[in-house]
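Participant: The following block contains a protein sequence and its predicted model.
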Amino acid sequence: MAPAKLPSNFEWGFATAAYQIEGAVDEDGRGKSIWDTFCHLEPSRTKNATGDVACDHYHRYEEDFDLPSKYGSKAYRFSISWSRIIPLGGRYDPINEAGVAFYNRLIDSLLARGITPWRDFERYARVCFERFGDRVRNWITLNEPWIAAIFGYATGVNAPGRGSIAPGITEGHTPTEPWIVGKSLIMSHARAVVVYKRDFHPVQKGQIGFGPGLPAVYARAAAQSPAKVSFFRDATPKEATVDFYGMNYYTAQFCRHRTTPAPENDFLGNVDELQENCEGVSIGEKSGVSWLRSCPKQFQKHLALIYHLYQKPIYITENGCPCPGEDLMTREESVQDIYRIQ
């Protein structure tokens, strides 16, 4: 049997997020984000890690883009920092032209290397469409809104660090706040899609999509936590229908409906998330972090499920698996990448 081949129009790409790579948090008029505040809390809740310098992409983007260009990459999904474009964040606050100029340079640098830029509410999105839409043809309104809502407002492990289930966190209400935030995210996404399709698509001819960032959940039980699985995917207004689905995939989980009443601070629909099924079979091989199991078969299943549900083109906007012990390997050992190749 001949090995399967990817189609000739398959686009290999790479993805980043502004706060994770840019640095330069106090340069050229950038405002503060909730992550700036969260990463500097005392005592630290990020093990003293901050995005103050990060990868210094703000100053090194040219050499950063040389790397994927050498490997033949033709697509790049990046995020545009709201804090750089509208530093004060409000509907009527001024636009930071220095921030706009940075992303103009970044986009032009990508195009010069043959790399197609992709972008990750109403006014912020409109400014982005107006200033960059002549060159950016692929837009993602929100990346991983589920992560922002749950980890930011239920467990409190991400900015702004709210929740009522973790010791030491004194602000927030886990059973309600994630859903309030989730609704706001859905509505901001919808407004951005409507604005783009009504005011910009007729001329720019681009496409706009969504990247919910939900874990792939597989279980025999019918109680599959529909609120969690479909809240961001299915609650979008019809007039904000997207052109494609951005699938971020890292791992999968089994789930099991609890036989006991839901705890007071439940936010998962009274469901347990498990890495092993009732027969003790692991959903995948251990990776370099405890929460992520390597589950390539579920990747295929999830891809098929998404297409079955929505009948839209799918782009894999994030995917990866950390190798166990990679931080202890020599450069030569890590380059061989035996764990992921197998």
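Facilitator: Noted; the coordinates are in hand. Quick caveat: nothing in here was measured; it's all calculated off a predicted structure.

Participant: Would you confirm that Thr37 belongs to a helix?
Facilitator: Yes - using DSSP: H, G, I helix; E, B strand; the rest coil, the assignment for Thr37 is a helix.

Participant: Give the burial count for it, as a bare number.
Facilitator: 12 (other CB atoms under 10 Å). Glycine gets a C-beta too; all of them are placed from N, C-alpha and C.

Participant: which helices and strands sit right next to the helix or strand harbouring Arg77?
Facilitator: Element membership for Arg77, per DSSP states H and E: strand 75-78. Judged by 3 or more CB pairs under 8 Å, 6 or more residues apart in numbering; DSSP states H and E, the packing partners of strand 75-78 are strand 13-15, strand 116-119.

Participant: Go ahead and name everything in contact with the helix or strand just after it.
Facilitator: Heading C-terminal from strand 75-78, the first helix or strand you meet, by DSSP H and E, is helix 82-85. With contact meaning CB atoms under 8 Å, 6 or more residues apart in numbering, helix 82-85 is reached by 18, 28-33, 36, 89, 95-96, 98-100, 102-103, 124, 127-128.

Participant: quick one: helix 82-85 to chain centroid distance?
Facilitator: Distance of helix 82-85 from the chain centroid (CA atoms, centre = their mean, to the nearest Å) equals 18 Å.

Participant: Show me what counts as buried in the helix or strand just after it.
Facilitator: Counting by DSSP H and E, the next helix or strand C-terminal to helix 82-85 is helix 97-112. Neighbour-count burial for helix 97-112, counted by 16 or more other CB atoms under 10 Å, picks out Gly99, Val100, Phe102, Tyr103, Leu106, Ile107, Ser109, Leu110.

Participant: out of the residues you listed, who's nearest Pro145?
Facilitator: Tyr103 (21.8 Å; CB to CB).

Participant: Show me the shaky parts of the stretch 1-150 of the chain.
Facilitator: Along the stretch 1-150 of the chain, segments meeting pLDDT under 70 span 1-2, 120.

Participant: neighbouring contacts of the helix or strand harbouring Pro202?
Facilitator: Assigned by DSSP H and E, Pro202 belongs to helix 201-204. Helix 201-204 has contacts (CB under 8 Å, 6+ apart) with Phe129, Gly133, Asp134, Arg137, Ile208.

Participant: and those, which are buried?
Facilitator: Here, 16+ other CB under 10 Å leaves Phe129, Gly133, Ile208 buried among those.

Participant: Looks like the last one contacts Arg198 (just checking).
Facilitator: This means Ile208. No - here Ile208 lies out of contact with Arg198, judged by CB atoms under 8 Å, at a distance of 11.5 Å.

Participant: Measure how buried the nearest residue to Asp64 once chain neighbours are set aside is and give me the count.
Facilitator: Of all residues not flanking Asp64 in the chain, His57 sits nearest, at 5.7 Å (CB to CB, 6 or more residues apart in numbering). Look at His57: counted by other CB under 10 Å, it has 20 neighbours.

Participant: quick thing: my sequence starts at 24, can you match it?
Facilitator: With 24 as the first residue, the last one maps to His80.

Participant: Ile163 versus His80, what's the distance?
Facilitator: For His80, the distance to Ile163 equals 19 Å [CB to CB, to the nearest Å].

Participant: out of the helices and strands packed on strand 98-101, deepest packed?
Facilitator: strand 139-142 (a mean of 22; mean count of other CB atoms under 10 Å).

Participant: Contacts for the next helix or strand along the chain from that one next, please.
Facilitator: For strand 139-142, the following helix or strand on the C-terminal side (DSSP H and E) is helix 145-155. With contacts defined as CB under 8 Å, 6+ apart, helix 145-155 is touched by 103, 105, 108-109, 114, 118, 123, 126-127, 130, 140, 142, 162, 164, 211, 214-215, 218-219, 222-223, 227.
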